[in-house]
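Enquirer: this is the structure alone, sequence omitted:
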């Protein structure tokens, strides 16, 4: 058996930021309006450590959902898997009190081409900012 | 004995998405209606864990995970029940998250071996299952 005897480590750190989620999507199969929060630049796969979510302004409560997509069309349910959810509490913007830091640990190795997508259950007036901490092989 | 003294590591990430389980199967021997979640690669695979999520309102059930040796799943001796997870009743919400169910496995399986799954009761909306693994 031509087994691999060399451990693999991420070669290029990746922090994907600037993606925002705002529009409500009540589907739990990864179809409809989704935001691609992580897509690979390389072709050797990636290690996703965790996802961070922050309010950017006053917003109602919602649920934040993370899906793994196999790189094909997100509107086909069998291309997606719901892998994590996070309850996001209602938030009123403050300049003296901090909002919650939502951290979703994943610890997942993605094959080449696979992506992470996200939705929220209800439309939020001010978007959620999403940062994905990863590394590419 | 010509034992291997060199550790081996997964070479290619392998994550299966989009598999769902919804039909009831009361057998605990891996026969009957099961969903094939994962098939090992040509050199075997290392399975880290399995994640399960509700995709809508559903009754409580038991999620069951089997290893199959690549033979017919309807032959009980080809299967082993290796893990169960109680899934609580869930009512769909757009403001509260459902439970993230994670079944750690840490198991290396030979070529052609598979993971299959069933649920004990019919669930109105399926459970979606993601297998996080790597192929040797």
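Expert: Good, I have the coordinates. As the structure is a prediction and not an experimental result, all values here were calculated from the model.

Enquirer: checking my notes, residue A:7 in a strand, right?
Expert: No: Residue A:7: not assigned to a strand; according to DSSP: H, G, I helix; E, B strand; the rest coil it is coil.

Enquirer: how close does it sit to residue B:109?
Expert: 20 Å (Cβ to Cβ, to the nearest Å). All C-beta spots, glycine's among them, are computed from the backbone N, C-alpha and C.

Enquirer: of the two, who's got more company?
Expert: residue B:109 (23 against 9; other Cβ atoms under 10 Å in any protein chain shown).

Enquirer: look at residue 62 and report its pLDDT.
Expert: Defaulting to chain A. We have a pLDDT of 98 for residue A:62.

Enquirer: wrong chain, I was asking about chain B
Expert: For residue B:62, pLDDT reads 97.

Enquirer: for it, phi and psi?
Expert: Note on residue B:62: backbone dihedrals following degrees, to the nearest 10 are phi -110, psi 130.

Enquirer: for it, which residues make a bridge with it?
Expert: residue B:86 (DSSP bridges).

Enquirer: how many other residues sit next to it?
Expert: Neighbours around residue B:62, by other Cβ under 10 Å: 14.

Enquirer: residue contacts, it?
Expert: B:84-87, B:119-121 (Cβ atoms under 8 Å, 6 or more residues apart in numbering or on different chains).

Enquirer: repeat for residue B:97
Expert: A:63-64, A:85-87.

Enquirer: switch those over to JSON lines; also include secondary structure and neighbour count.
Expert: Shown next, in JSON lines, are the contacts of residue B:97 (DSSP: H, G, I helix; E, B strand; the rest coil; neighbours: other Cβ atoms under 10 Å in any protein chain shown):
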{"residue": "A:63", "secondary structure": "strand", "neighbour count": "21"}
{"residue": "A:64", "secondary structure": "strand", "neighbour count": "22"}
{"residue": "A:85", "secondary structure": "strand", "neighbour count": "22"}
{"residue": "A:86", "secondary structure": "strand", "neighbour count": "20"}
{"residue": "A:87", "secondary structure": "strand", "neighbour count": "16"}
